[in-house]
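Novice: fold the following.
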Amino acid sequence: MYVAVSTIGKKVCGEAFVMRRDELFDEVGVYEIGGGLVGYVADKSPDGCLDKEYIIRSIGINRVVCTGAVAFDNMLIVSTDSPTLSRGDSRLAQMLGFGMESRARVSR
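Specialist: Model prediction:
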C-alpha cells in the first residue's frame, strides 16, 4: 500500500520511517526513526495511494513502519505492508451483501 506524504524537505528513497497519529495537530505524521518530523499525510493523494480519511480511521494508536518509495520536492510516497492499513476482504463481503457477522470469517 502506498501513502502520499507532504514533506518539509526533500527525502531520499529507501529510508525507513514511522507513521503515527499526531494528537496535537489531529493529523497522521511520518517521522524518522530518530523521531524527527518528515511531514504529514497529504490531503490529496495520487491514484493508487490510500486516502487521508481511511488512514486516520485505521491507524488509531498504532505505529506503522513504512519505507520511502518515490521522492519529489515536497512530497514523498511511502510504502507499507502493515496489516493496520490493509483493507482485507471484509469490505468486499459487505459490498456483496453479507452482514457484519460474516465479516470476521471472510477476512481471515
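Novice: all contacts plus neighbour counts: C-alpha atoms, from now on.
Specialist: Will do.
Novice: run through the strands of this protein in chain order.
Specialist: 2-7, 16-22, 27-32, 37-41, 64-71, 75-79 (DSSP state E).
Novice: which residues touch the nearest residue to Glu32 once chain neighbours are set aside?
Specialist: Beyond its immediate neighbours in the sequence, the residue positioned closest to Glu32 (Cα to Cα, 6 or more residues apart in numbering) is Phe17, lying 4.9 Å away. Contact partners of Phe17, counting by Cα atoms under 8 Å, 6 or more residues apart in numbering, are Val30, Tyr31, Glu32, Ile33, Val65, Cys66, Thr67, Gly68.
Novice: how about a cut-off of 7 Å?
Specialist: In this structure, Phe17 makes contact with Val30, Tyr31, Glu32, Ile33, Val65, Cys66, Thr67, judged by Cα atoms under 7 Å, 6 or more residues apart in numbering.
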